[in-house]
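**Q** Just need the structure, nothing else, for what follows:
(chains A, B and C)
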Amino acid sequence: MIKFRSLLFFLSLLLPLSSQAALTIEIVGGAAQQIPIAVVPFASSLSSQAESQQDSIANIIGADLRRSGLFRVLETHGVVNQPHDIAQVKYAEWAAIQAQALTIGSVVSLPGNRLKVTFQLLDVLKQTQLAGLEYNITPAQLRITAHRIADVIYQKLTGEMGVFATRITYITKTNNRYALQVADADGFNPQTVVSSSEPIISPSWAPDGTKLAYVSFEKKKPVIFVQSLVSGQRYVLANFKGNNSAPSWSPDGKRLAIVLTYGANSQVYIINADGTGLQQLTHSAAIDTEPVWSPDGKWIYFTSDRGGSPQIYRTPASGGDAQRMTFEGSYNVSPHFSPDGKSLAYIRQEQGRFRVTLQDMASGQVQILSETAKDESPSFAPNGRMILYATSINGRGTLAAVSADGRVKQRLSETGGDVREPAWGPATN
Amino acid sequence: MNKNLIVSMLLAVSLAACSSKPIKEAPPAVVDKSPSTATQAKPAEPKNDNATTAPMAESTMSVNPLKDPNNILSQRSIYFDFDKDEVKPEYRALIEAHGKYLQAHADARVILQGNTDERGTREYNLSLGQRRAVSVKKLLNLQGVQDKQIETVSYGKEKAKTTCGNDDACSKTDRRVDIVYQGE
Amino acid sequence: MIRKHENPLAFRAGVLSILVHIVLLAILILSFNWKAVQPANIAQVELWDSLPAPKPPVIEPTPQPPEPPKPVIKEEPKPEPPPEPKAEIQIKKKTPVEVKPKEEKPKKEEKPKPDLAELKKQKQDEALKKLQQELLAENTKTTQDEQKNEAQAAAQAHAAQSAAASKNEVDKYIGLVSSKIRPFVNKQLCGTGKPELMYEIALLPTGEISGSPRLIKGSGIAACDDAVERAIRQANPLPKPSAEILGQVRDLNLKFRPNDDN
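**A** Presented below is the predicted three-dimensional model:
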């Protein structure tokens, strides 16, 4: 009798012998902010003089990755074995310094004063190669090649497009002299596009990156010019009576939204890139200005104080009624879209503080991103992760950047005068 | 006879001495009244030591009322309160005077340049400055001045002082409309 | 078979107990080679009259509840999971979770005690006495629900009792593993939503991971999955599991919610 029950009981005891026991452990949150990566100085056949003339490739890559805020670039000097080729890599040494990824490479001279740059990106923990590329370049292209390598590393590890090889534009004011400049995204190699003793404002990149539209006061009034970055040639896009300002290219590069005053208040117009076909878009008795196109080309968002205080509105690009889009606070201006069209950055003023603010288009949620207080001209990187803007620190105009989630904050150090009105150029493929 | 010769020779010598000192024609002084700076090549003409000759070298024989410091027309700026574009009563007389001048001189053209102080973003302030210029224009219109004689533009905050912060008194001179006559 | 002098409820208890065992066996059939069990059956019956080695029977019941009792647990009005080591234990809010299982466990174990005393008399005297002492030391109240579940719980009760001793150890181990991996998890790469992902790893007695982590459930973001895998690898070797834990556990299911706070 007892045996039957015991039998059954004992059967149950046998069950665990058969099944694979597993323990579930839940890990909530994560403390790591950055990917730890080691960038070993590239082997170089360049003469030490040539090398010292320019930043080494590894330094440029490291600086790019560090500036993104997503990487912790580790010191490599302490590691005895400095590999330049995958065969030389001893993974344990890099795991020992807590690296998750490793970049190695070399620069070799080629005949005809050219260089061959090779690099590999390795996963230290899996002990596999994640990427490996070779470039045949001129010495003048060394910097941009380093940026391209940083882009590859960034994309492989974060899943996002890298923007280290892009350019930015901004305006400097030094001793009452204004200059519109274009520089690499890290601020190196600034080139002057146009300079004047009169103000220049509101630069806007054409979507293909070959032209800039801007507003110049050289004729003693604001006039819109379009200038080719390739040829340096420029033409007057709009010089109508009154103000001509706030140019913004359409996503297909064929038209611009601009602001004219015609002797009355600021209104938004649309004009062909060659200066023909002017059409009025807004019709109000208020100030309507700062138009931007939505990335899908369907809407024009703009600043208007038709409601009594400046807020952001939108209207169909083909014309129609305007619809208010910002509802928090009493001063919201300077709308700029993220490349994916999901977020709108603008400047919000509260109690005298002007700060970069981000609004989610779907949910309407608003987040103040910057900690500085005199912000202007927010501009998204082409991968949507960072927002470049102008601010004033200790009375001097400076460029700063903040990540779209507000976690990473940067200040771009400047030498010399005032810097203002930045705009981030498009992706380079 | 000798005495006459000596006297006439002395006279001749003194005359020659006088003539050897030429009267320099001083160029017309460049009076830069407008706040906007001149074009790239700044005419840095050396001023004549002989200050008295300068006014005499002026092209017009009578004093230009637009530049006569004694004339209200030489006043060209209208100032505004913070965040306001209404013209204060104290400037009405000034605008009236310019209105009269413009009506009297049908060929004269003015540019009304609106300005703001440093607070705010660039393009929005460009529009605010424009509003101030339009306020002045409307007063001129009321006097009968036609739009074809007037252009309204704005410099926004581009000329504003950057060190005033929130001090309205400090930035008072930034919030203004400048009347600039074409050809000046 | 029921003895006449037994508790009248014993009949019902027995039936339910048998039902439970049938369900368990059904699962066993699906997951195990039946043949291996059959002969052991017969051999074990003969062994029943002698005291078998105490250790295996003590440990074996513990893992049993995690897998097979799953369907059974759902049928019960009272949730079973807390005493089981498989429970998803929140590391951050450890206190409230730990209190719950402690409350429930004693309740269950109070009731089955008399039955077990009967059943296990010949087998696990020592272990039982130890457990009984523990149970007596705790102040609990029995509810009517408990009485109803008594028989159902009987099958797991012995397991739960054995689990009592090692449950704390398991909890401790879970905490150790979680706090070793968590610092390496980079949530910057996991977007703005609330993704969940799960990796499975095989443990070696040294705490080292055997082979590669296997992605069981992805977050939908490749960079996030990769970042979490790197975190697991960087945390290698994991804390050395005790022999007891090793005996119960071969694989760890690591469930991640990187963007959550709790």
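**Q** going forward, measure contacts and count neighbours with C-alpha atoms only.
**A** OK.
**Q** Show me chain A divided up by domain.
**A** Under the assignment automatic domain parsing, the domains of chain A span A:35-158, A:167-424.
**Q** Mind checking if the longest one is in reach of chain B?
**A** Yes - residues of domain A:167-424 are located near chain B by C-alpha under 8 Å from any C-alpha of the partner chain, namely A:196-199, A:201-202, A:218, A:220-222, A:241-243, A:245-246, A:261, A:263-266, A:287, A:289-290, A:303, A:333-334, A:352, A:354, A:376-377, A:395.
**Q** Pull the residues that contact stretch A:78-87.
**A** Stretch A:78-87 is contacted by residues A:40-43, A:76, A:89-90, A:93-94, A:104-106, A:120 when judged by C-alpha atoms under 8 Å, 6 or more residues apart in numbering or on different chains.
**Q** Using TSV, lay out those residues together with secondary structure.
**A** Shown next, in TSV, are the contacts of stretch A:78-87 (DSSP: H, G, I helix; E, B strand; the rest coil):
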residue	secondary structure
A:40	coil
A:41	coil
A:42	coil
A:43	strand
A:76	coil
A:89	coil
A:90	coil
A:93	helix
A:94	helix
A:104	strand
A:105	strand
A:106	strand
A:120	strand
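**Q** Drop anything exposed from these.
**A** By neighbour count, with 16 or more other C-alpha atoms under 10 Å in any protein chain shown, the contacts of stretch A:78-87 hold A:40, A:41, A:42, A:43, A:76, A:89, A:94, A:104, A:105, A:106, A:120 as buried.
**Q** still on that earlier bit, quick check: which of the domains of chain A is buried the most?
**A** Ranked by average neighbour count under the criterion mean count of other C-alpha atoms under 10 Å in any protein chain shown, the domains of chain A are headed by domain A:167-424 at a mean of 20.
**Q** Secondary structure element holding whichever residue of chain C sits closest to chain B?
**A** Using C-alpha to the nearest C-alpha, the closest approach of chain C to chain B is made by residue C:192 at 30.5 Å. Taking DSSP states H and E as the definition, one finds residue C:192 inside no helix or strand.
**Q** was I right about residue A:366 contacting residue A:347?
**A** No - counting by C-alpha atoms under 8 Å, residue A:347 is not a contact partner of residue A:366; they are 11.6 Å apart.
**Q** list residues touching both of these two?
**A** residue A:357.
**Q** Quick check, the residue in the stretch 151-300 of chain A closest to chain B?
**A** Closest point on the stretch 151-300 of chain A to chain B, by C-alpha to the nearest C-alpha, is residue A:242, at 4.9 Å.
**Q** Do me a favour and get the end-to-end distance for stretch B:165-173?
**A** End-to-end distance of stretch B:165-173 (C-alpha to C-alpha, to the nearest Å): 14 Å.
**Q** which parts of stretch C:241-250 are buried?
**A** Quick answer for stretch C:241-250 (16+ other C-alpha under 10 Å): C:241, C:245, C:246, C:248, C:249, C:250.
**Q** Only the buried residues of the top strand by length along chain C, if you could.
**A** Ranked by residue count and defined by DSSP state E, the top strand of chain C is strand C:209-217. Residues of strand C:209-217 classed as buried: C:209, C:213, C:215 (neighbour count, 16+ other C-alpha under 10 Å).
**Q** Now tabulate these in TSV and tack on pLDDT and distance to chain B.
**A** Shown next, in TSV, are the buried residues of strand C:209-217 (pLDDT from 0 to 100; distance: C-alpha to the nearest C-alpha, whole Å):
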residue	pLDDT	distance to chain B
C:209	92	57
C:213	95	53
C:215	96	50
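**Q** What segments of chain B are strands?
**A** B:77-79, B:110-115, B:150-156, B:176-181.
**Q** now the stretch 151-300 of chain A
**A** Taking DSSP state E, counting those that start in this stretch, the strands of the stretch 151-300 of chain A run over residues A:167-174, A:177-184, A:191-196, A:200-205, A:211-216, A:223-228, A:234-238, A:244-249, A:255-260, A:267-272, A:279-280, A:288-293, A:299-304.
**Q** Redo those strands as TSV? Include mean pLDDT.
**A** Below are the strands of the stretch 151-300 of chain A laid out as TSV (pLDDT from 0 to 100):
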stretch	mean pLDDT
strand A:167-174	96
strand A:177-184	96
strand A:191-196	96
strand A:200-205	98
strand A:211-216	98
strand A:223-228	98
strand A:234-238	98
strand A:244-249	98
strand A:255-260	98
strand A:267-272	98
strand A:279-280	96
strand A:288-293	98
strand A:299-304	98
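**Q** and the host helix or strand of residue C:13 with chain A, contact?
**A** Secondary structure assigned from DSSP H and E places residue C:13 in helix C:9-31. Yes - counting by C-alpha under 8 Å from any C-alpha, chain A has neighbours in helix C:9-31: C:18, C:21, C:24, C:25, C:28, C:31.
**Q** and the fourth one, what pLDDT?
**A** Predicted confidence (pLDDT) for residue C:25: 88.
**Q** Can you report how many residues lie near it?
**A** Counted by other C-alpha atoms under 10 Å in any protein chain shown, the residues lying close to residue C:25 total 20.
**Q** same question, the fifth one
**A** One way to gauge burial is a neighbour count; for residue C:28, by other C-alpha under 10 Å, it gives 21.
**Q** again, but for the first one
**A** Applying other C-alpha under 10 Å, we find 18 other residues in the vicinity of residue C:18.
**Q** ok, now the second one?
**A** Using other C-alpha under 10 Å, residue C:21 has 19 neighbouring residues.
**Q** Over to the last one?
**A** Look at residue C:31: counted by other C-alpha under 10 Å, it has 13 neighbours.
**Q** Over to the third one?
**A** By other C-alpha under 10 Å, 22 other residues sit near residue C:24.
**Q** Contact partners for residue B:95?
**A** B:136, B:139, B:140.
**Q** just residue A:209 next, same as before
**A** A:425, A:426.
**Q** need the longest helix for chain B.
**A** Determined from DSSP state H, the single longest helix within chain B is helix B:122-142.
**Q** Which strands or helices does it pack on?
**A** In terms of contacts (3 or more C-alpha pairs under 8 Å, 6 or more residues apart in numbering or on different chains; DSSP states H and E), helix B:122-142 is packed against strand A:288-293, helix B:92-104, strand B:110-115, strand B:150-156, strand B:176-181.
**Q** nearest to residue B:91, of the contacts of stretch A:78-87?
**A** residue A:41 (69.5 Å; C-alpha to C-alpha).
**Q** State the distance from the closest one to residue A:82.
**A** Taken as C-alpha to C-alpha, the span from residue A:41 to residue A:82 is 8 Å.
**Q** What ranges does chain A have for its helices?
**A** Assigned helices in chain A, in chain order: A:2-18, A:48-53, A:57-67, A:91-96, A:142-158 (criterion: DSSP H).
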